[in-house]
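**Q** Can you look at this prediction? I've put the sequence above it.
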Amino acid sequence: MDATPAEINTIHSVPTQMKISWFRVGPTYNQCHISLLPNLTNLRWPSPIVSKIPTAKIKANGGRGRLPGMFEPAMSIGQMELYRKLLHTFSDMMFRNGLGDRFMLTAGTLVGSFHHHDFIPWDDDIDIFVDIEIRDEVRQLVRELEPQYWLKVTNERDKFFTRPLPSPEDDKNVELSQPVPDKPWSWPFVDISYYERNKTHITENLPAYIESVSWPVDMVFPLYFRPFGSAWYPAPRNPLAFLANRYGTSSACYSLSYSHALERGMLSLSASCELLAYRYPFVQHGPCDKDAQAPDANMMSLSEEKLVIQSEIFSPAVIHSLCLAADATNTRASSFDFGQKTRRKIA
C-alpha cells in the first residue's frame, strides 16, 4: 500500500439518496441506470496488487518463468489490465446486443467483488456465467470480434482471449494473451461457464462426472450490478447466498490451487483470512441507513460496503465506501466467510 493510513482514511463521498432499482440489470445500456450509480473511478483505490514481472513468461529456451508464491499476486500489471480489457469487451458486446441480463460474475471473480471489490489478490483468472440458451449467439458475436479477439469452444466452457502474443515479445508487459503450453488457447482468458435455467433453479453445465451445482432462481435473478475494479458488472441478486451454496463457509482463505497460465494444478494451502486482511484489503458489509428498521430477509436493501485494510500499528483504514443494492442478508455478511456451510476453496 502506497498511501499512509491518514490518507487512506479519507473516504470519497457517494450519493446517499439512491434507489435500489438503479442497480437492477437490464438487457441493454438504455435499460440500465449505470450513469446514476456511484462513479467507481472517483473512489480511492489501493495501488494495483500485481507481480513485478509477467507470470509464466516464455523464456528464450522455450521454458517458462516462475509462478507466484502462495498468496502472492498472480499477475503483472499488463496481465491484469488485459483481464480488465477482456471483461469490459465481453460485457460491452453483451449489452450492445440486448444480452446484458443473461450473464453475470461467478466463482472466484464474484468472490473477488464481494470480498475485495476487485480480483482476489492471488487469483489469476476471470469467471463469468452465461445463459446456455444464448450460447450459439454469443459464440457468433465473439467471432465477429476476430482477429483481435478469439474464442476457443469446448464442450462445457469457452475461453475468450486476444490474439496470441508472439513469443519474442513475451517478456514485455503488453496486453496480449500468451500461449498456454499444449492448449489451443492463450492466457489471460475469460472463462465462460454456462448455466441451464428452469422454473425453480439454475444449474451449472458441467461434465457428467462432476457433481453439478444448482441455485434457486430467486437467489440469482433479477441480476444487480456489483463493482469489480472501477466498473459495474451483473451479479446474482444475493451474492452471499450464491457463494455459500457453491463454496460453503470457513474463516480460511486458500492459495491458488490451479495455474490458468499453465493449465496445471498447484499445491494449495490455507491461511487465516483475518491475518491476510493485514496484507490485503477486505470488504466490510453493513446497512447504508443504520437508523432504518432492518428489512426482512429476501428483500432488497441498500448495503454499505467499506474496503478496509487492517494495521498492527494504526486503526483499521477505510480505503473507500459505497452503497449498493443487495439482499438484506448481505448487510450482515462477514468480511471473511459466506456463513452457511463448512468449506471454501477457490480454484
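**A** Sure, I can see it. Residues are numbered from 1 along each chain as shown.

**Q** Can you give me the neighbour number for the nearest residue to F103 once chain neighbours are set aside?
**A** Spatially, and ignoring its direct neighbours in sequence, F103 is nearest to V130 (4.6 Å; Cβ to Cβ, 6 or more residues apart in numbering). C-beta coordinates here come from the backbone N, C-alpha and C atoms, glycine included. For V130, the neighbour count with other Cβ atoms under 10 Å is 24.

**Q** On the secondary structure side, give me the element for V130.
**A** Secondary structure assignment for V130, by DSSP states H and E: strand 126-131.

**Q** again, but for A326
**A** Applying DSSP H and E, one finds A326 within strand 317-327.

**Q** strands paired with that strand, and their directions?
**A** strand 300-309 (antiparallel) (DSSP bridges).

**Q** which residue ends up closest to the midpoint of this structure in space?
**A** T109 (2.3 Å; Cα atoms, centre = their mean).

**Q** isn't it right up against I128?
**A** Yes. With contact defined as Cβ atoms under 8 Å, T109 counts as touching I128 (7.0 Å).

**Q** re earlier: centre of the chain to the strand holding A326, how far?
**A** From the chain centre to the centre of strand 317-327 is a distance of 16 Å (Cα atoms, centre = their mean, to the nearest Å).

**Q** try stretch 241-259
**A** 13 Å.

**Q** which of the residues in that stretch are buried?
**A** Within stretch 241-259, the residues that qualify as buried by neighbour count (16 or more other Cβ atoms under 10 Å) are 241-250, 252-256, 259.

**Q** Stretch 97-113 too?
**A** Neighbour-count burial for stretch 97-113 [16+ other Cβ under 10 Å]: 97-113.

**Q** How about stretch 42-56?
**A** Buried, per 16+ other Cβ under 10 Å, within stretch 42-56: L43, R44, W45, P46, I49, V50, S51, P54, T55, A56.

**Q** Any chance of the backbone angles for the first one?
**A** Summarising the backbone geometry of L43 under the convention degrees, to the nearest 10, its torsions are phi -80, psi 160.

**Q** pLDDT score assigned to it?
**A** For L43, the pLDDT comes out at 96.

**Q** Now it: closest residue in space, sequence neighbours ignored.
**A** Per Cβ to Cβ, 6+ apart, closest to L43 is H320, 4.1 Å.

**Q** ok, and the closest non-adjacent residue to G229?
**A** D118 (4.9 Å).

**Q** What separation do you get for the one you found and T162?
**A** Going from D118 to T162 by Cβ to Cβ, to the nearest Å gives 21 Å.

**Q** Show the pLDDT at G339.
**A** At G339, pLDDT is 63.

**Q** for A294, same thing?
**A** 65.

**Q** Likewise for N30?
**A** 96.

**Q** right, and the secondary structure at it would be what?
**A** Taken by DSSP: H, G, I helix; E, B strand; the rest coil, the conformation at N30 corresponds to helix.

**Q** Show me where this protein has its helices.
**A** Along the chain, the stretches classed as helices by DSSP state H are 5-8, 77-96, 107-116, 135-143, 217-220, 239-247, 273-276.

**Q** looking at the ones you listed, which is closest to N330?
**A** Evaluated over these, closeness to N330 peaks at helix 239-247, with 4.7 Å, by Cβ to Cβ.

**Q** other SSEs contacting that closest one?
**A** helix 107-116, helix 217-220, strand 317-327 (3 or more Cβ pairs under 8 Å, 6 or more residues apart in numbering; DSSP states H and E).

**Q** As CSV, those with mean pLDDT would be great.
**A** Shown next, in CSV, are those (pLDDT from 0 to 100):
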stretch, mean pLDDT
helix 107-116, 96
helix 217-220, 96
strand 317-327, 96
